[in-house]
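1. what shape does this take:
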Amino acid sequence: MFSSRLPGSLARNRLSLAVERARTDARPFTDLTESNPTRAGFSYPPGLLEPLAQHAALRYEPEPLGMFAGRQAASGDFLRRGIPVPPERSVITASTSEAYSVLFKLLCDPGDTVLAPRPSYPLVEHLTRLDAVGVEPYDLEYHDRWSIDVDRIRRALEHSSRTRAVIVVSPNNPTGSIVSRDELDAISSLCRKHGTALIADEVFADYPLQGRLSSVLLQNDALTFGLGGLSKSVGLPQIKLGWIGVNGPDDLVRDALERLETICDTYLSVSTPAQVAAASLLTEGASVRSQICARVVENHRALSKAVEACPACSLLHAEGGWYAVVQVPATRAEEALVLDLLQNAEVLVHPGYFFDFQREAFIVVSLLPEPQLFVPAIARMLAEIARVS
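-> Purely as a prediction, here's the structure:
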């Protein structure tokens, strides 16, 4: 009766069941998987959401690619990061997930394929399946720092005419790796050669752990789409506003925007209040962004210091984002370890296999929790790992 685009089984895994039992039994634990900034103790400016109630929000004048106010706000946010994307090359969506789906509709026929990084957050495989598109992984390889297997991308493009896009996530979730200049040059050149688009998910670009993060949109060899949104840039996932910046050869950009207009006009999913308020939210929410950035840097520093004192573990190098990856002894399955950490150390973490790590054993922690919760939780986590190793 139901579509094959949905998983055949929706049964929950052992970890989600264990978390549910812990919450039902009111057993305390520190959630080091927290990804929602509105639950992480940040101070939001009073009246931040008042612009949503502007009088202009009472009028419905839909624009498929987004109202000019929204597109101008997105353009301004790109420029804040040093990326010149004019409003005319900005597209407003209800979320980054919707932006992916819109782009799959733009670029792919059913059965076409996109390339996506591994390990990474398991979102693309769900979105592609819902759009009847295949996804083929290319590896992020770790040798003191993460690097992209560009040869794998090259081989995939050479052997299949149905590969329609290469997806890069920079900074990647959860590895915190960014696309280097050399990697970008190589990938964009391959995309241009094979008539393939480049999709860059840069939602974590405001959170460098060192230096400043650049953008894939600064090259124009290939037709390129850069994704961002309020969810990460100012910690407002509930407002549901994302955007796409478009760059590349002028003729391809023009053709892409014409077709995007048709797709977006079919849905008209973005709310008027969110678009009217976008510029104000991005300006006034900058203080939240600053708090998040300071928090993740502080927690990453504390995590690094704690792991250094635990010879059995190592912290993998990261350059941005708000997650961290800890390699732990592969003496038992990751799921068993994570269940033990929840039961014995009262700490919830992600196992590496959630993100499609190709070998064990890794755990992934969020850097969002308040330090007074994060630091003792990390201490308990490492103590338990040392005990069972």
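
2. next up, the contacts around Q219.
-> Counting by Cβ atoms under 8 Å, 6 or more residues apart in numbering, Q219 makes contact with L184, D185, S188, N247. C-beta coordinates here come from the backbone N, C-alpha and C atoms, glycine included.

3. can I get the residues you listed in a markdown table including pLDDT?
-> Output for the contacts of Q219, formatted as a markdown table (pLDDT from 0 to 100):
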| residue | pLDDT |
| --- | --- |
| L184 | 96 |
| D185 | 96 |
| S188 | 97 |
| N247 | 98 |
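
4. give the buried residues for the one helix or strand T262 maps to.
-> Using DSSP states H and E, T262 sits within helix 250-267. Neighbour-count burial for helix 250-267, with 16 or more other Cβ atoms under 10 Å as criterion, is recorded at L252, V253, A256, L257, L260, I263, C264.

5. helix or strand right after that helix?
-> Sequence order places helix 272-284 as the next helix or strand after helix 250-267, per DSSP H and E.

6. show me what whatever helix or strand comes next after that following helix is packed against.
-> Later in the chain than helix 272-284, the nearest helix or strand by DSSP H and E is helix 286-308. Helix 286-308 makes packing contacts with strand 314-315, strand 323-327, helix 371-388 when contacts are defined by 3 or more Cβ pairs under 8 Å, 6 or more residues apart in numbering; DSSP states H and E.

7. what residues does the second one touch?
-> To tie it back to what came earlier, the one meant is strand 323-327. Outside strand 323-327, the residues that touch it by Cβ under 8 Å, 6+ apart are 173-176, 300, 303, 307, 313-316, 318, 352, 361-367.

8. what segments of the protein are helices?
-> Here the chain has its helices, by DSSP state H, at 14-24, 68-80, 96-107, 124-130, 150-159, 181-194, 230-233, 250-267, 272-284, 286-308, 334-344, 371-388.

9. tell me which of those helices is the most buried.
-> helix 230-233 (a mean of 24; mean count of other Cβ atoms under 10 Å).

10. how far off centre is it?
-> 10 Å (Cα atoms, centre = their mean, to the nearest Å).

11. I'd like to know which of the contacts of strand 323-327 are buried.
-> The neighbour-count criterion (16+ other Cβ under 10 Å) marks 173-176, 300, 303, 307, 313, 315-316, 318, 352, 361-367 among the contacts of strand 323-327 as buried.

12. so who does P28 touch?
-> P28 neighbours (Cβ under 8 Å, 6+ apart): E346.

13. just use 100 as the starting number from now, easier for me
-> Noted, 100 is the first residue going forward, which turns the last one into P127.

14. now it: how far from V446?
-> Between P127 and V446 the distance, using Cβ to Cβ, to the nearest Å, works out to 10 Å.

15. ok, V278 next?
-> V278 sits at a distance of 32 Å from V446 (criterion: Cβ to Cβ).

16. distance-wise, check L105 relative to P221.
-> Look at L105 and P221: by Cβ to Cβ, they are 15 Å apart.

17. for A423, that is, sorry about that
-> From A423 to P221 the distance is 18 Å (Cβ to Cβ).

18. neighbour count for those two, which is higher?
-> A423 (25 against 13; other Cβ atoms under 10 Å).

19. partner residues bridging the more buried one?
-> According to DSSP bridges, the partner residues bridging A423 are V464.

20. which ones are touching the closest residue to A139 other than its chain neighbours?
-> Counting by Cβ to Cβ, 6 or more residues apart in numbering, the nearest residue to A139 once its immediate chain neighbours are dropped is L467, at 4.4 Å. Counting by Cβ under 8 Å, 6+ apart, L467 touches E133, S134, N135, P136, A139, I391, R394, V395, N398, W421.

21. closest to L147 out of those residues?
-> Relative to L147, the closest of those is P136; by Cβ to Cβ it sits at 12.8 Å.

22. for the closest one, which non-adjacent residue is spatially closest?
-> G334 is the one closest to P136 (Cβ to Cβ, 6+ apart), at 3.6 Å.

23. how close does the one you found sit to L147?
-> Look at G334 and L147: by Cβ to Cβ, they are 10 Å apart.

24. between these two, which is the more surrounded one?
-> Taking neighbours as other Cβ under 10 Å, G334 and L147 compare with G334 leading, 22 against 18.

25. hmm, that one is touching S386, no?
-> No: G334 is beyond contact range of S386, at 9.9 Å (criterion: Cβ atoms under 8 Å).
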